[in-house]
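*Asks:* With the input below, show me the fold.
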Amino acid sequence: MRKTWRVEAEWVCGGEEILRDDGGDIEEYEAWCASLQRPWWEHQEQPSAPGLPDAPPPLQGDPIAPVPSLLLPLPLLAPFTFFSSSDAFPTGYVCPRCGRVSFQAHLRHRACPSSHCRPAPALQSPRPAESEGWAVEAECVRDARGVAPCTFVDDACAHGTAALPVSVHDDDMRVFGYCLAGPIQAANSVLLAANVGEEVGQPKNEDGEPPPMSLLGSLEAWHLFAWHLFTCNDYGLQEDASALFEGIQRHVRLKRQLAGACFSSEIAVSTDAPPEGDGLALCAGQIKNFVESRLSAYLEELGSLRVQKIIARAYVNAGKCREPYRAQIEGGACLAVVCLGADAIYSSIDTNTQRDPSSRSGKLASALSVTLIHGDMLVLRGGLFQFSVTRTGMCILLEVLCSPTDNDSAGS
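*Replies:* Residues are numbered from 1 along each chain as shown. Prediction:
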């Protein structure tokens, strides 16, 4: 048995007129609104096909005309501003100029990839509306219960990691140092309660005092070092970090892959003065000065260092990275990680560390776990590091590779 079905389709307006305001040329806007009253595949200047009635003229503001239904999902029309929630970060948007639906790839910017909206090659800079993104303050993304001034860090060391003496500077900056991947002989080590609040192996010298950092640095057994520059939640020490947090959001186009959680971008470093009006170059210079000034002020024993490479990674919500990052630090270079925004737990895993006997899966034990608050810096030096990041909220992590002033080969 054969059946014949007849389907009648009726084209209706999709409500696209709300996607564009009447700013600019009024005649162009009215012509654009009139073109929306007919299907996009038809041309008004073309005559109707033989045997078909002529196409009705476009609606001209009929007050009793039915309101067209909007076929687009409302989240695609939501404005991308300060009020956009990090918990429900938009997945896409509709371009108000060309109507294209695009994936929300950038953290704080929107740039339609269509040829209609792409700037012409003759233009030296993007459109003003797209050149600067919006930003939130660090206080808006941090946990209100963790912003009070404090003097002790929330770090944890595994057995086999030694804590160096804590240094307190005149501006209340505290530097906590750690030695990793060095075997501690039972006859020369003592388990004691360190300032980090955990029992760690602390080497002693003949007088029973912790050895100076220079002595520890000369031992081949201690070939991995980490320093935690702790701001103690002091407003004065976090002021520059707050400015960087907002500046990166506005001027750096942090981009993610499709369905990705990490927005990243490499920021070019230059020794020249940034051109006037170039927000990206100005932001790169501020990051460079921030890292170099703190290294020279609080870690003089590392020598003279200069920033060679900057990578920014941003996350909009809490979570944990499944795959660890790998960093090979060679020579006298070091890797500085700056935390901006919500707290981040930085877990370093040494490849020489033995398997965790308490873990059924036999995973590598975490040699050092450091909790970085807004404005803190973690400095790594000595060889191959593997590390994972657990975020407590929206944060930006800067990975800054620094090399000695007389060495250009630092690592990767």
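*Asks:* lowest-confidence helix or strand of the chain?
*Replies:* Ranking every helix and strand in the chain by mean pLDDT, DSSP states H and E puts strand 189-193 at the bottom, with a mean of 29.
*Asks:* Now find how far off-centre the helix or strand harbouring Ala336 is within its chain.
*Replies:* According to DSSP states H and E, Ala336 maps onto strand 334-341. Remark: strand 334-341 is offset 11 Å from the chain centroid, using C-alpha atoms, centre = their mean, to the nearest Å.
*Asks:* I'd like to know which elements it is packed against.
*Replies:* Using 3 or more C-beta pairs under 8 Å, 6 or more residues apart in numbering; DSSP states H and E as the contact test, the elements touching strand 334-341 are helix 138-141, helix 235-251, helix 279-298, strand 377-381, strand 395-404. Where C-beta positions appear, they are placed from N, C-alpha and C, glycine not excepted.
*Asks:* most packed of those?
*Replies:* strand 377-381 (a mean of 24; mean count of other C-beta atoms under 10 Å).
*Asks:* neighbouring strands for that one, and are they parallel or not?
*Replies:* Counting by DSSP bridges, the strands paired with strand 377-381 are strand 224-230 (antiparallel), strand 334-341 (antiparallel).
*Asks:* what's the angle between the very next helix or strand once past that strand and strand 395-404?
*Replies:* Later in the chain than strand 377-381, the nearest helix or strand by DSSP H and E is strand 384-391. Using axes from the mean of the first three to the mean of the last three C-alpha atoms, to 10 degrees, the direction of strand 384-391 lies 160 degrees away from that of strand 395-404.
*Asks:* Give me the sheet partners of strand 384-391 and which way each runs.
*Replies:* By DSSP bridges, strand 384-391 pairs with strand 319-320 (antiparallel), strand 325-328 (antiparallel), strand 344-349 (antiparallel).
*Asks:* Centre of the chain to the first one, how far?
*Replies:* So that's strand 319-320. The answer for strand 319-320 is 13 Å, by C-alpha atoms, centre = their mean.
*Asks:* Quick one: residues in contact with that strand.
*Replies:* Applying C-beta atoms under 8 Å, 6 or more residues apart in numbering, the contact partners of strand 319-320 are Ala261, Ser388, Val389, Thr390, Arg391.
*Asks:* what mean pLDDT does that strand have?
*Replies:* The pLDDT scores in strand 319-320 average 92.
*Asks:* Give me the domain ranges for the chain.
*Replies:* Domains of the chain are assigned by automatic domain parsing as 8-71, 73-133, 144-148+178-404.
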